[in-house]
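Enquirer: compute the structure for the input listed below.
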Amino acid sequence: MSREVTEEDTTDQLLDYLGQDCEWAAEIVRKRLKALEGALLTEQQEVTNKQYEETCRQFESTVESLERELSTLRESMRWIPVSERLPEEENEYLIFDGAEIWHGSFAAGQFSELATSDPLFDVTHWMPIPQPPEQDTGK
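Expert: Residues are numbered from 1 along each chain as shown. Below you'll find the predicted structure:
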């Protein structure tokens, strides 16, 4: 007995016909395996796509965070022209007069050399004093 194998053929039908027509039964098995393989590949691709998309989102988030941190660090450690602005607080600063870098202070609208308190008149740039290095705890 030989007939066309269709999508509607069930495993029970396969078992019923197994003894009667092995070629037809083998065709059902091939079609079922092909369908299962296709479904599995589709499911694997969906999982892979979701994992890839999540990895991309995490990567993009990390890159954005690092870019913000870098921008903040650059801004906090850049030489600021006095023509742009003066320090807002009276504090110690690194001061550049066009020739030398000074460790100085800014108070009452005036830059001064820290060790002598002599005023610095030709200041072109200033920047905050950087934080000291973190101490290694040896752990």
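Enquirer: show me the helices in the chain, by range?
Expert: In the chain, the segments counted as helices under DSSP state H are 11-18, 22-76.
Enquirer: what about Thr116, distance to Trp102?
Expert: 10 Å (CB to CB, to the nearest Å). For glycine as for every other residue, the C-beta is placed from the backbone atoms N, C-alpha and C.
Enquirer: cool, Thr48 as well?
Expert: 59 Å.
Enquirer: quick one: which of Thr116 and Trp102 has more around it?
Expert: Taking neighbours as other CB atoms under 10 Å, Thr116 and Trp102 compare with Trp102 leading, 19 against 8.
Enquirer: kindly state the beta-bridge partners for the more buried one.
Expert: Ile95 (DSSP bridges).
Enquirer: for it, list the residues it contacts.
Expert: Contacts here follow CB atoms under 8 Å, 6 or more residues apart in numbering; on that basis Trp102 touches Leu94, Ile95, Phe96, Phe111, Glu113, Leu114, Leu120.
Enquirer: change it to 10 Å
Expert: 93-96, 111-115, 118, 120, 123, 126 (CB atoms under 10 Å, 6 or more residues apart in numbering).
Enquirer: which ones among those residues map onto strands?
Expert: Residues of the contacts of Trp102 located in strands (DSSP state E): Tyr93, Leu94, Ile95, Phe96, Phe111, Ser112, Glu113, Trp126.
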